[in-house]
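> Only the shape, not the letters, is given here:
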């Protein structure tokens, strides 16, 4: 069992309604993003400095950032090339020379991003499948500005600088396009982009200071690939299973998230994030959600889940903890088979305590804060109510 003091501390962190901020967490609003406060608390409670912390479904890299900031070694994996890109930018410390190059780019080019400015780069954009639905009314002005911005990256000094600026453009474009109720003007886009660059540079400095204070200089390992194959990756085949803690948020059973799309101008889908960051996609939503939302009883989901859980367990030391935050489309129907998968994969649940009257088991639950406006309109759905599961490898 988890001690009551640790249980209470983790519960408070899970239920915190403070907005996501600090370090590099504001670099991009990755769909269904993790709570940094929860990840940091789980790392503090269930691991020691220099331990290896793994997130098999890392998304935007929240767990990896918090592992770095707390003096742990981090390793993360994800199927989505966009997730790996974002996590890489958030965890790559940059030099003072590179920071100055970013500031100079912003000072020179951002004022030039105007809709009526001609650009040879715009001629190739209509043929790009990743710009689908960006010709719609609320998107086409931002599309032109993004084209100008992306064409200005060619002369930047290093990959670190280019990736940082691409991430700033990604963050700003998400603000301007994704699920927005009103049109964002080009002038507002320029203002927001300048703000994002300065805010991201400040966040990077915070991360650098945290890493410096903890005295741990080893950068994280980020892997683009299926967690079901993680045990065969060179990082893990070079030695014995050595993961000391897993902190993660897996795909939710029966709940589908658009990890690979934005919704623009009436919630029409666009793969524009991949165009902005220069990554390849081409996968359907079932690829990222362990199966189609239309399947009955989620057979494909639970088969894939068991495969990945077994692989995760194989790289963990015996006695290591796995802490998850997850939601279910139908808690009564899907929580039991998920827990059965955990047991079949070699885990024992320890994250429960007796209820107030000693006759029921209690887990940590939370209502998701700071949801998007269109999600708030839908009210308290299954996906807005998450549970914390704590298991130990046996």
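Thanks, I have the structure now. The shown structure was predicted, so the numbers you read here are calculated from the model rather than taken from an experiment. Residues are numbered from 1 along each chain as shown.
> Who are the packing partners of the lengthiest helix in the chain?
Scanning the chain for the longest helix, with DSSP state H as the assignment, gives helix 186-214. For helix 186-214, the helices and strands in contact under the criterion 3 or more CB pairs under 8 Å, 6 or more residues apart in numbering; DSSP states H and E are helix 62-69, helix 96-109, helix 137-151, helix 159-177. (Each C-beta comes from the backbone N, C-alpha and C, glycine too.)
> So which of the ones you listed is nearest residue 20?
Of all these, it is helix 62-69 that lies closest to residue 20, at 8.3 Å by CB to CB.
> Centre of the chain to that closest one, how far?
Using CA atoms, centre = their mean, to the nearest Å, the mean C-alpha position of helix 62-69 is found 12 Å from that of the whole chain.
> again, but for stretch 190-198
On the basis of CA atoms, centre = their mean, the separation between the geometric centre of stretch 190-198 and that of its chain is 21 Å.
> Any buried residues in it, and which?
Residues of stretch 190-198 classed as buried under the neighbour-count rule (16 or more other CB atoms under 10 Å) are 190, 192-194, 196-197.
> quick revisit: the longest helix of the chain vs helix 137-151, what angle?
Direction vectors for helix 186-214 and helix 137-151, defined by axes from the mean of the first three to the mean of the last three CA atoms, to 10 degrees, enclose an angle of 60 degrees.
> Kindly point out the strands partnered with the following helix or strand past helix 186-214 and how each is oriented relative to it.
Moving toward the C-terminus from helix 186-214, the next helix or strand (DSSP states H and E) is strand 221-224. For strand 221-224, sheet partners with direction are given as strand 73-78 (parallel), following DSSP bridges.
> who touches the partner strand?
For strand 73-78, the external contacting residues (CB atoms under 8 Å, 6 or more residues apart in numbering) are 50-59, 61, 63-64, 67-68, 84, 87, 91, 216, 218, 220-227, 230, 233, 235, 243.
> Quick one: end-to-end distance for stretch 84-103.
As for stretch 84-103, its first-to-last residue distance stands at 25 Å under the measure CA to CA, to the nearest Å.
> Mind checking the pLDDT average for stretch 92-109?
Per-residue confidence for stretch 92-109 averages out to 96 on the pLDDT scale.
> Contacts for that stretch, please.
Counting by CB under 8 Å, 6+ apart, stretch 92-109 makes contact with 149, 152, 156-158, 160-161, 163-165, 193-194, 197, 201, 204, 207-208, 211, 219, all of which sit outside it.
> buried residues in it?
92-94, 98-99, 101-102, 105-106, 109.
> The longest helix of the chain to helix 62-69, inter-axis angle?
An angle of 40 degrees separates the directions of helix 186-214 and helix 62-69 when computed by the same axes, to 10 degrees.
> Could you tell me the angle between helix 186-214 and helix 159-177?
Counting by the same axes, to 10 degrees, helix 186-214 lies at 130 degrees to helix 159-177.
> Tell me where the model's unsure across the stretch 201-350 of the chain.
Scanning the stretch 201-350 of the chain for pLDDT under 70 picks out the ranges 215-217, 293-295.
> again, 80 this time
Low-confidence segments of the stretch 201-350 of the chain, defined by pLDDT under 80, span residues 214-218, 239-241, 282, 284-285, 292-297.
> Please, where are all the strands along it?
For the stretch 201-350 of the chain, the strands defined by DSSP state E, counting those that start in this stretch cover 221-224, 243-248, 262-264, 268-270, 316-326, 347-349.
> what's the second one packed up against?
The one in question is strand 243-248. Using 3+ CB pairs under 8 Å, 6+ apart as the contact definition, the elements that strand 243-248 packs against are helix 36-46, strand 52-55, strand 316-326.
> now do the last one
Using 3+ CB pairs under 8 Å, 6+ apart as the contact criterion, the elements in contact with strand 347-349 are helix 331-344, strand 385-393.
> From residue 164, how far out is the closest residue in space to residue 226 that isn't next to it in sequence?
Nearest residue to residue 226, sequence neighbours excluded (CB to CB, 6 or more residues apart in numbering): residue 79, at 5.9 Å. For residue 79, the distance to residue 164 equals 24 Å [CB to CB, to the nearest Å].
> which one of the two has more residues nearby?
Neighbours per residue, other CB atoms under 10 Å: of residue 79 and residue 164, the larger number sits with residue 164, 26 against 19.
> residues in contact with the more buried one?
With contact set as CB under 8 Å, 6+ apart, residue 164 has these partners: 89, 94, 98, 102, 200.
> Could you check the pLDDT of it?
Checking the pLDDT column for residue 164, the value is 98.
> Next: the one 5 residues further on.
Turning to residue 169, the model gives it a pLDDT of 98.
> Assess the claim that it and residue 276 are in contact.
Yes - in this structure, residue 169 is within contact of residue 276 by CB atoms under 8 Å, at 5.4 Å.
> Would you confirm that residue 192 contacts residue 176?
Yes - counting by CB under 8 Å, residue 192 touches residue 176, with 7.1 Å between them.
> residues shared between the contacts of these two?
Taking CB under 8 Å, 6+ apart as the criterion, residue 192 and residue 176 both touch residue 184.
> circling back: looking at the helices and strands packed on strand 347-349, which is nearest to residue 368?
Put simply, out of these the one that sits nearest residue 368 is strand 385-393, at 6.1 Å, with distance taken as CB to CB.
> where does the stretch 51-200 of the chain have low pLDDT?
116-127.
> quick one on the thing from earlier: report the angle between the longest helix of the chain and helix 96-109.
Between helix 186-214 and helix 96-109, the angle comes out at 170 degrees (the same axes, to 10 degrees).
> What's the local residue count around the closest residue to residue 321 other than its chain neighbours?
If you skip the residues right next to it in sequence, residue 321 has residue 46 as its closest partner in space, 4.3 Å away by CB to CB, 6+ apart. In terms of burial, residue 46 registers 22 neighbours under the definition other CB under 10 Å.
> again, but for residue 64
Neighbours around residue 64, by other CB under 10 Å: 29.
> From residue 350, how far out is it?
With CB to CB as the criterion, residue 64 and residue 350 are 24 Å apart.
> Give me the contact list for stretch 27-37.
Counting by CB under 8 Å, 6+ apart, 13-14, 16, 18, 20, 22-23, 25, 59-60, 62-63, 65-66, 83, 86, 89-90, 167, 170-171, 174, 200, 203, 249, 252, 257-259, 325 sit against stretch 27-37.
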